[in-house]
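# Structure of the sequence below:
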Amino acid sequence: MKKQIKLTSFQLSIFIIQTQIGVGILGLPFNVFSVSKGDAWISVLVSGAIVQMMITIIWLLGRRFPSKSLFDYSRVLLGKFAATIITFGYLIYGVLVVIIILMYSTAIIKSWSLILTPAWAVMLMLIIPGFYLGKEKVMEISNVYVVLTFLIVLLVIVSIVVLFIYPVDWRYLFPMGASGGLTILKGAKEAYFSMLGFELLLILYPYFQHNGSTAIYKAATAANLSVTLVYTFLTIVSTVTFSPDELKIVPQPVLYYVKSLYLQVVERVDLLFASFWVVNVITSLTSYLFLCTECCSHLFKKFKKLKRGYCTVFWGLTSYCIALIPGKLSEMDIVNKWVLILSYLFVIVIPVFLLAVSFIFKKKESEGA
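Model (predicted):
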């Protein structure tokens, strides 16, 4: 694998942030509050701590094989056949996450703005930019993500404005810890799914190895800390803005409190906010299309003439067609539940297992490799 010496630790942080922040940013407060109530923000922090532990495990694994991605060192640790199964598994996982992103983002867009627009058209508008960017190398994708970072900052600024102009009640956050430790952990599970994206470090590590293992860990930690703080802040704003009874029936509280803003220049601030959010949805979708492309490239690397773009378009179209099948929210939730279960396997179980194997059999990449 060629070293791309121009890639920086900052680009790695932004890549992870743009992957993590996507569809979940709007519904996270509602999903977590439905379980943890006033301690929802604590659940988000706990989820961030759990994600940090997983980042540490993935980093330790990458540190033992700095110039290899998951697909390469799994072959060293488990053999060719098992490595192929794992690579194909991550390909299916990436496709399923793209499907989830397409389904939920389309449902939100149709309910808020494009009510009469058919779902296939909305999904097509989301997937086309993913085709264009997902086939590129890490350098090109990272550069685009860095440029789009200001949109995330803008989303946070709008939420800060809400705190000053909207009547809020900080008492909704008290008493802290009243839900109990077990309930807070259950709420953390709800927040965990919205924080997925850090697992791409499994394939990104070798691209940033020239920065040093410590720099990579700091970059991934900074990304996770940023996302955790953003999600915690949005959860707090939602909790103090709406009463507990209101928050139970508001599926996208972030959009609802933004809708309350009044600007003479902009009549529907929520639609402007949603437009910025769509960009974050596309970046998250693009990252998982990139994962699918990387998996496909490794599975069919014997076919040297097979261009990356073909893999991106094929798996993107596959995700697009499948995402059109579920029509009801209940059907989407079933798919979401299965993807959540699979995420435990591909994000937690497999990395932990591979790290354990590498330590038990004392396998790691030699310094001169």
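
# Which residues outside stretch 220-234 are in contact with it?
Applying C-beta atoms under 8 Å, 6 or more residues apart in numbering, the contact partners of stretch 220-234 are 12-17, 20-21, 25, 28-29, 41, 44-45, 47-48, 51-52, 55, 58-59, 152, 155-156, 159, 191, 194-195, 198, 201, 254. C-beta here means a position set from N, CA and C on the backbone, and glycine is covered the same way.

# same thing but 7 Å
The contact list for stretch 220-234 (C-beta atoms under 7 Å, 6 or more residues apart in numbering) reads 12-13, 16-17, 20-21, 25, 28-29, 41, 44-45, 48, 51-52, 55, 59, 156, 159, 191, 194-195, 198, 201, 254.

# Name the nearest residue to residue 60, sequence neighbours excluded.
Closest residue in space to residue 60, ignoring its immediate chain neighbours: residue 355 at 5.9 Å, by C-beta to C-beta, 6 or more residues apart in numbering.

# Give me the buried subset of the contacts of stretch 220-234.
Buried by 16 or more other C-beta atoms under 10 Å: 12-13, 16-17, 20-21, 25, 28-29, 41, 44-45, 48, 51-52, 55, 59, 159, 191, 194-195, 198, 201, 254, out of those.

# So which of these are in helices?
Those of the buried ones among the contacts of stretch 220-234 mapping onto helices are 12-13, 16-17, 20, 25, 28-29, 41, 44-45, 48, 51-52, 55, 59, 159, 191, 194, 201, 254, per DSSP state H.

# What separates the first and last residues of stretch 132-145, distance-wise?
Counting by C-alpha to C-alpha, to the nearest Å, you get 14 Å between the two ends of stretch 132-145.

# Mean confidence (pLDDT) on it, please.
What stretch 132-145 shows for mean pLDDT is 90.

# Off-centre distance for that stretch?
Centroid displacement of stretch 132-145 relative to its chain, using C-alpha atoms, centre = their mean, to the nearest Å, is 16 Å.

# If we go by neighbour counts, what in that stretch is buried?
For stretch 132-145, a neighbour-count test (16+ other C-beta under 10 Å) marks 133-136, 138, 141-142, 144-145 as buried.

# same check, this time on stretch 321-333
322-324, 326, 332.

# ok, for residue 146, nearest residue in space, not its chain neighbours?
Distances taken as C-beta to C-beta, 6+ apart place residue 14 nearest to residue 146, at 5.1 Å, with adjacent residues excluded.

# Same question for residue 163.
Distances taken as C-beta to C-beta, 6+ apart place residue 237 nearest to residue 163, at 6.2 Å, with adjacent residues excluded.

# Please tell me how far that neighbour sits from residue 105.
Going from residue 237 to residue 105 by C-beta to C-beta, to the nearest Å gives 21 Å.

# returning to that earlier point: which one of the buried residues of stretch 132-145 is nearest to residue 311?
residue 135 (7.6 Å; C-beta to C-beta).

# can you pull the contacts of residue 282?
126, 129-130.

# cutoff 10 Å now
18, 22, 101, 105, 125-130, 132-134, 148 (C-beta atoms under 10 Å, 6 or more residues apart in numbering).

# what helix or strand is it on?
Per DSSP states H and E, residue 282 falls inside helix 269-299.

# following that helix, which helix or strand shows up next?
Sequence-wise, the next helix or strand downstream of helix 269-299 (DSSP H and E) is helix 308-323.

# what's the model's confidence in that following helix, averaged?
On average, helix 308-323 scores 91.

# May I see the buried residues of that helix?
308, 311-313, 315-316, 319-320, 322-323.

# which of the residues you listed lies closest to residue 249?
Nearest to residue 249 among the buried residues of helix 308-323, counting by C-beta to C-beta, is residue 323 at 26.6 Å.
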